[in-house]
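Student: Give the three-dimensional model of this entry:
(chains A, B and C)
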Amino acid sequence: MGVTIEEAMKSVDSSGRDVLLDARNVTMQFGGLRAVNDVSLQVHSGEIVGLIGPNGAGKTTFFNCLTGLYKPTSGTVYFAGEPLPPQPRLVVRTGMARTFQNIRLFHNMTALENVMVGMYCRTKTNALDAVFRLPRHRHEEVASTERARELLAFVGLTGTENQLSRNLPYGDQRRLEIARALATDPKLLLLDEPTAGMNPQETRQAEELIFRIRDLGLAVLVIEHDMRFIFNLCDRVACLVRGEVLVEGVGDVVQNDPRVIEAYIGSPQTTPYEQPGPDSGKGASDA
Amino acid sequence: MDLVNLFFQQLINGLSLGSLYALIAVGYTVVYGIVQLINFAHGEIFMIGAFGAYATWMVLGQPSDWSAPLSILVLLPVMIIGGIVASVAVALLTERWAYRPLRNAPRLAPLITAIGVSVFLQEFVRLFYGYIPGFPDAKSAIAFPSVPGISGATIQVGGVLIQMSAVFTLAALVVCWVFLWYYVNRTKTGRAMIATSQDPDTARLMGINVDKVIMAAFAVGAGLAAIAGVAHGLRYGNIDFKMGFLAGLKAFTAAVLGGIGNINGAVVGGLVLGVVESLAATYLGASAWKDVWAFVLLILVLVFRPQGLLGAKVVDRA
Amino acid sequence: MRVVIPNELKIRYRYPARALGIAGAVLMVVSILLPWAYAPTALDDMTYYGAPSPLQLFFAILPVLVILLLAIPLVGKARLGKAAKIVAWNTSAKTASIMSLIVAAVAVTAIAIDLGGLINVELGGWLALLGGVIAVAATPFLPDSPEPTLYRVKSPKWLQILGIVILMALLLFGAAYILGFEDADDFLMFAAFVVGVVMVLRQFGVFGWLGIAAAANNRVLVLSAFVVAFAFPFTQNGSDANMSVASQVLIFAATALGLNIVVGLVGLLDLGYIAFLGAGAFTAAILSESAFSTIKWSPPFIVTVLIAGTVSSLLGLLIGAPTLRVSGDYLAIVTLAFGEIFRITMNNLDGNDGPNLTNGSNGIPGIPDLNLFGFDFGKAHVILGIDIGRFANYYWLMLVVIALIIVVFTNLNHSRIGRGWVAIREDELAAEAMGVNTFTLKLLAFAGGAFLAGVAGSVKAHYDVSVTPDQYVFLESAFLLAAVVLGGMGTVMGVLIGATILKLLPEKLRFFADYRLLLFGLLMVVMMRFRPEGIVPDERRQLEFHDADEELAEEVEEDLTSHHAHLNPEVGGFVL
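Tutor: Numbering: from 1, shown residues only, chains lettered A, B, ... in the order given. All right, here's what the predicted structure looks like:
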């Protein structure tokens, strides 16, 4: 509170990297339920941040606040120094794209078309261009097809471009969703449980993919339950419990924090590795 | 003094018209609340209620010389029951054969089906009602049977003259409202309805027979619509196969006005719409435009308060 | 419903079944050499020995097909080679025998009704029925053929083009012939025959092949279709009656195509579409040189068209902007209400209840014929020795309008905007979250559709000579919707077919006119339940309606991979 936009724009953390996402005191209230309570979180460019927490902790709700799907009851989210616009599609334009916990591909469209829909907000062809097949339509169409193929190749889906997304195997659907999000040309990628339902090998591939995305210069904010995955991957981890940030810091600190362990399994005796907690399911209450 | 009387006259008029809308609107709102379907054919269910009541009257031998108390206590209830039977039967048939197979289809499909059912029912009555031996041809309006003691009768309250048909409509709404309240809050099926409207999948898992609940919703709506059909016949003195179109549209407006999915909202919305229409026709003049005002109101509500006056259960199921 | 015959029976009896089928078909063919009817007034004259009437000859084509389909496989798999597998011999023989029985039954029924009793059906008619029954009874005992794979056969370009040209020629011939029928029975029998042939060819695998050929030669297809449509008036020898029907069909089809953008591509239900047509028509009427028009300014028609389209699309914006923000469901009811508002308003703008713009319920009569660049649409012209009358002139104009609408429809569909529409249909929330401006895209479709309706309406005003409010009522909107649903949401071809069928049937079957709306209401219900994708399905719509059908998903995917049409921006759509 009390920080002006100008200050926010200047704000640079100790490592010297820009603050990309700056959520300040975000609260989201549904009737009597306070799903997210006064949460503040920063993501710097080029950083991978993890968001963990048991089921119903408000992680996805927090995501929805960040992406404009929900309007926070109070608090503000700044992206690249500007307060977030109020609509999801405008949020995407400013450079933040997401995937969904329960995959939401356009399942009767091909893989290539799915990715091209992601490019919608970065293309400008209007109705007249399209009807009269003006040069802009043709150039953009060629360019976006090209770019969509590249993105499919990047996430490892070469050769699937004409497959309907509903016919793709589960793991490929997750990767296609990432490709679709990348197509919006984001600066920050928000992944909601990208390895849910994956086998260990697929999880490793996902991990490697997220590193490569980081290497492109993107920041990544990822919700995950798989502890090994998250502590391998993330520069920083925040643990959300009952709508509040319990701990935030580098992996080791969070991992060994007794409060986190307690929140997950109720007893400090076991390490989170062996028992990922009561939340391996999808958790409708979190949606 | 005259101005005051005029106002009250129009207020009563509007309230009785509004009761008519409210009785129909409940059907839209209950069905929408549970299956998120705008049942365009509901106006036709209302129309069939009126024709069913007429048929009952024909079967009874067109009694026109019964005494007023006998007519009100026996004839009218029997006619209403006849109308309800017809409406409920048709509503359940359409639910079973037209809507149920489409429950998991894209939303466009049941909407188109509803339009088809609506056109079909109108035309069916128009073409075939007259084929029943002794029945009048329904291609143009039919004079609704006059019920001694109600048709044409009035009572004087202060300086205001009230039609008995208006009293009947208002009374019918009050009785139905009480019945609805009891049914929804105090019976097992009613509570199952609430559960289903909030989450059909969970309701199913909890052992609720969702099919039955949906049928109950259609039946309740149809029953009320049939009563409205009789009220319409008594009020205007005639019925025709097209009567459900405009009445249905107005009633839907009432449902949206009150907040779709909300039963009390439908009643309040209906009454408000009726009063607004009646007063607007009196004080704004231009009675030729009276049907336009309702729709303008509908659009204004959608712009400024899409959840309606009392709040909708669901506005968008994205 | 369906009788399942065990496979071992099919294997055991396949030769007797084949023989019996051929025998039945031969009976049917022979029957046309005998009289079918006692008197010549039923159908066309079917009373002669050895001199079949045209309808009998058409009928015979079906049993001949049965014979061919049953006899050719007898030469053996070895000699047939690839042809043994790529087409469906047995299944199409089954269809062909069923359809010949149906056509024969239609004919016999018509004779019995026309002449007063079955006594008037002569030996030939009974023989045809008997043969049909034998063939229908025998063919189910044939083993089922696998799905035809004719479409996979690589054929040279000239063959593909030839196929398209033959199809188009048949279409022209069929259209000219079918319009020529004065008598409802003749029409019904011929229509049954056409449906039969189409279904047999489809079963056989010809349509799959044609689909591929059409996709590969998109431009040839479109060009030839327009050449055929353009040539149609020349086949009518100046007959005004037929050209009047044909031009009405085109006006109806143009409007249905516009509606298809809203319903088929975006999946929004617009129940007041006819009001946009009406708005265009009234605008054109008011700006025409009619003595009854209320505004004494008459711009050239080109300007009028644009004004009419703009007025309609502004109305579309007015209705769409508040509604589309809320939910697709409300749009249906608000457009329905809008249709009513439009009708009431047009009735009230009569000088009593409002300013005089439309003369109220009298409307605006006496709208003069169009005159474009000195070409008077009201006058008959002689071209190539054939009288081209008023209706033919409007027919050609509507052809241009339809071409315009098809270009708009197809090019938008195959573009960034079209992809956005599909995404909205599939998952509106996800589309919004991926940066698609769903509200603007829906509004664009809605207002764009209204614009096209306005354009069509402005031509309709001149064609109809007078414009009155009661031409533009809700039932007409429902009628349009039925055409879209019957033909196939999201397809051009489907809606053209749907509109033609729906407009032609009541014209040709007068007895049916009173039941028109009853049947169309029923049609919408039945189509939604059993074939929501319509006669000519758009593959993606088909998938959406049959969400659980994994097999279909595989099939569609295979088609997509074999076409590649949508991937190449140069192929999808038309370049102007």
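
Student: where does the closest residue to chain B within the stretch 51-200 of chain A fall, helix, sheet strand or coil?
Tutor: Closest contact between the stretch 51-200 of chain A and chain B, by Cβ to the nearest Cβ, is at A:Leu69 (9.6 Å). No exception for glycine: its C-beta is placed from N, CA and C like everyone else's. Assigned with DSSP: H, G, I helix; E, B strand; the rest coil, A:Leu69 falls in the coil class.

Student: Look up phi and psi at it.
Tutor: When read as degrees, to the nearest 10, the backbone of A:Leu69 gives phi -70, psi -40.

Student: Give me the neighbour count for it.
Tutor: Counted by other Cβ atoms under 10 Å in any protein chain shown, the residues lying close to A:Leu69 total 18.

Student: just B:Ser140 next, same as before
Tutor: 11.

Student: which residues does the residue of the stretch 51-200 of chain A closest to chain B contact?
Tutor: Each residue near A:Leu69 by Cβ atoms under 8 Å, 6 or more residues apart in numbering or on different chains is listed here: A:Pro88, C:Leu429, C:Ala433.

Student: can I get those in TSV with pLDDT?
Tutor: Below are the contacts of A:Leu69 laid out as TSV (pLDDT from 0 to 100):
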residue	pLDDT
A:Pro88	87
C:Leu429	88
C:Ala433	90
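
Student: Separate out the buried members of those.
Tutor: Neighbour counting with 16 or more other Cβ atoms under 10 Å in any protein chain shown marks A:Pro88, C:Leu429, C:Ala433 as buried within the contacts of A:Leu69.

Student: What strand or helix carries the residue nearest the centre of chain A?
Tutor: Computing the C-alpha centroid of chain A and ranking residues by Cα atoms, centre = their mean puts A:Leu190 first, at 1.1 Å. Using DSSP states H and E, A:Leu190 sits within strand A:188-192.

Student: ok, A:Tyr70 touching A:Thr61?
Tutor: Yes - contact between A:Tyr70 and A:Thr61 holds when scored by Cβ atoms under 8 Å: they sit 6.9 Å apart.

Student: For the two, indicate the residue with more neighbours.
Tutor: A:Thr61 (24 against 18).

Student: just checking, that one touches A:Pro72?
Tutor: No - using Cβ under 8 Å, A:Thr61 is not in contact with A:Pro72, being 9.7 Å away.

Student: Got phi/psi on residue 80?
Tutor: Looking at chain A here, since you left the chain open. Dihedral angles (degrees, to the nearest 10) for A:Ala80: phi 50, psi 40.

Student: just to revisit the earlier point, take the buried ones among the contacts of A:Leu69 and write them to TSV, including distance to C:Glu476 and secondary structure.
Tutor: Below are these laid out as TSV (distance: Cβ to Cβ, whole Å; DSSP: H, G, I helix; E, B strand; the rest coil):
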residue	distance to C:Glu476	secondary structure
A:Pro88	39	helix
C:Leu429	35	helix
C:Ala433	39	helix
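
Student: The closest residue in space to A:Leu246 that isn't next to it in sequence: which element?
Tutor: Ranked by Cβ to Cβ, 6 or more residues apart in numbering or on different chains and with sequence neighbours excluded, the top spatial neighbour of A:Leu246 is A:Cys239, at 4.7 Å. Under the criterion of DSSP H and E, A:Cys239 resides in strand A:236-241.

Student: Could you tell me which residues within that strand count as buried?
Tutor: A:Arg236, A:Val237, A:Ala238, A:Cys239, A:Leu240, A:Val241.

Student: residues in contact with the fifth one?
Tutor: Listed by Cβ under 8 Å, 6+ apart, the contact set of A:Leu240 reads A:Val39, A:Leu51, A:Ile52, A:Gly53, A:Ala57, A:Gly58, A:Lys59, A:Phe62, A:Leu246.

Student: How about the backbone phi and psi for the last one?
Tutor: Spelled out, it's A:Leu246. The phi/psi pair for A:Leu246 (degrees, to the nearest 10) is phi -90, psi -50.

Student: ok, back up a step: what about the closest residue to the residue nearest to the centre of chain A other than its chain neighbours, how many residues nearby?
Tutor: Excluding its sequence neighbours, the residue lying closest to A:Leu190 (Cβ to Cβ, 6+ apart) is A:Arg98, at 4.1 Å. Counted with other Cβ under 10 Å, residues neighbouring A:Arg98 total 28.

Student: need the residues of the stretch 151-300 of chain B near chain C, please.
Tutor: Taking Cβ under 8 Å from any Cβ of the partner chain, the part of the stretch 151-300 of chain B that reaches chain C is made up of B:245-246, B:249, B:252-253, B:256, B:286, B:288-289, B:291-292, B:295-296, B:298-299.
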